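Undergrad: Sequence plus the predicted model coming up.
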Amino acid sequence: MKLKFWLLAGLALMMAGCRKAEEQEASPSFVPARIVSTYLAMLEKPTATRCLLAGTRCEAYREFFVRAGLAVDDQDTGKGRYDIVFIAGETKLPVKKLAEEWLSSNGVLARVTDVREKRMEVLAEEFRELGEVTGSAHLWMPGIEDWIVVGRKTPVKIKLSAMMDIFSREGGFDDLSAAQCLSLPELFASYAGELEAAMPAFGNVPGETLARPQFFVTKDVPDINWIDVGADVEPDILEEMVKEVRSMQIIRRLVLEGGMLADEQKIDEATDAWSRAALRNPHDPMLVDRLERLWKNADAFFRVGNFALAAKCYETYLMIRPNDWQSAEALSFCLMQLGQRELAEEVHKKAMRLRDGNEAR
């Protein structure tokens, strides 16, 4: 019976690994980062009903806009003006031309910025282009290397109540749940400030340096004075919201600290920083992105039979999220393959206790 269990567990893990591999073929970004990017665009235009997609990777975002209730077109099917022009990947037309041709007078232009292996001098040109097209733009960082700039022709104040309403869009709950981002403060964890305020970073870092989020995130929490709190949000709700947004921003800086330590190969210190961040906000989008990477790496090692390195990834995952029963179960299987039968049984029992506890809730 035990042998059957381990064989079934191994098969399930291998199947999961294959699914994750297939999922990544369409885009280098993990699903949670794509979902959050989609909702950040809607956050800055909460009344949006129409969206135009542009760019070689834009199709990876279509389903999330559709489920949120927007009518979605691309450059081949588009007609008229759109509330959101959403760009991901390389475009046939310059960004300025896309905005002139498709963007409504009060709409938002959102461009996903993939900074994988992107030098600062290249990113500077991209940001300058966006700055020329938009009169007001904001930089968001939902992922380690998946950022998004959202801008409009003229600055406006957006109603807080309207922002909160995007979480009640029919069909969007499952996506937001999959992204582990179910509140406005959790979305605002990714806010890095005005695009204009980010530009001086390019003068402080050599152009050939690869872009990193810490170059642009200030020590102090950025002002969010472009939100109209209005009179339609209860004072106690508003006070709690402001408090939570600030808390999420502070925790994001702890996540970034962990990333900086990891860049220096100080893995134990980095893991400690991430575990402390997870205790306070396990749903930070950049932390979720980091955990998705760990799981992907574990799957890759598992598929080639390197159970030692796969086990190390699962152990690190559990140090950050100790209550994740699936990681514990995966670790138990790896340990069994490494001949550590007693420890594997112990970890398996822990995984089942965690699973049963989750199901009870």
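TA: Arrived safely, thanks for sending.

Undergrad: what ranges do the helices span in the stretch 151-300 of the chain?
TA: 160-165, 173-178, 184-188, 195-198, 201-204, 235-263, 267-280, 285-303 (DSSP state H, counting those that start in this stretch).

Undergrad: And the first one, what's buried?
TA: Yep, that's helix 160-165 we're talking about. 160, 162, 163, 164 (16 or more other Cβ atoms under 10 Å). C-beta here means a position set from N, CA and C on the backbone, and glycine is covered the same way.

Undergrad: can you check stretch 292-300 too?
TA: Buried residues in stretch 292-300 (16+ other Cβ under 10 Å): 292, 294, 295, 296, 297, 298, 299, 300.

Undergrad: any idea how far the residue nearest to the first one when sequence neighbours are not counted lies from residue 157?
TA: Here the nearest residue to residue 292 in space, its sequence neighbours aside, is residue 30; by Cβ to Cβ, 6 or more residues apart in numbering that works out to 4.2 Å. According to Cβ to Cβ, to the nearest Å, residue 30 and residue 157 sit 32 Å apart.

Undergrad: which one of the two has more residues nearby?
TA: residue 30 (24 against 11; other Cβ atoms under 10 Å).

Undergrad: Contacts only, for residue 67.
TA: Neighbour list for residue 67: 171, 172, 174, 175 [criterion: Cβ atoms under 8 Å, 6 or more residues apart in numbering].

Undergrad: Nearest to residue 55 among the residues you listed?
TA: residue 175 (20.3 Å; Cβ to Cβ).

Undergrad: burial of the closest one, as a residue count?
TA: 22.

Undergrad: Please report phi then psi for residue 209.
TA: Backbone torsions of residue 209, given as degrees, to the nearest 10, read phi -70, psi 140.

Undergrad: residues near the closest residue in space to it that isn't next to it in sequence, how many?
TA: The shortest distance from residue 209 to any non-neighbouring residue, by Cβ to Cβ, 6+ apart, is to residue 120 (5.1 Å). Residue 120: 20 surrounding residues under other Cβ under 10 Å.

Undergrad: wait, residue 120 sits on residue 204?
TA: No: with contact defined as Cβ atoms under 8 Å, residue 120 does not count as touching residue 204 (9.5 Å).

Undergrad: Give me the common contacts of those two.
TA: By the contact definition Cβ under 8 Å, 6+ apart, residue 120 and residue 204 are jointly contacted by residue 215.

Undergrad: Dump the contacts of residue 67 into TSV; add distance to residue 257 as well.
TA: Written out in TSV, the entries for the contacts of residue 67 read as follows (distance: Cβ to Cβ, whole Å):
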residue	distance to residue 257
171	37
172	32
174	32
175	29
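
Undergrad: which one of those residues sits closest to residue 339?
TA: Using Cβ to Cβ, the contacts of residue 67 come closest to residue 339 at residue 174, 41.0 Å.

Undergrad: list the contacts for the closest one?
TA: Contact partners of residue 174, counting by Cβ under 8 Å, 6+ apart, are residue 67.

Undergrad: How much space separates it from residue 100?
TA: Using Cβ to Cβ, residue 174 is found at 36 Å from residue 100.

Undergrad: repeat for residue 64
TA: Distance check for residue 64 against residue 100: by Cβ to Cβ, it reads 26 Å.

Undergrad: So which of the two has more stuff around it?
TA: Between residue 64 and residue 100, counted using other Cβ under 10 Å, residue 64 has the larger neighbour count: 25 against 11.

Undergrad: Can you tell me the element the more buried one falls in?
TA: Assigned by DSSP states H and E, residue 64 belongs to helix 59-67.
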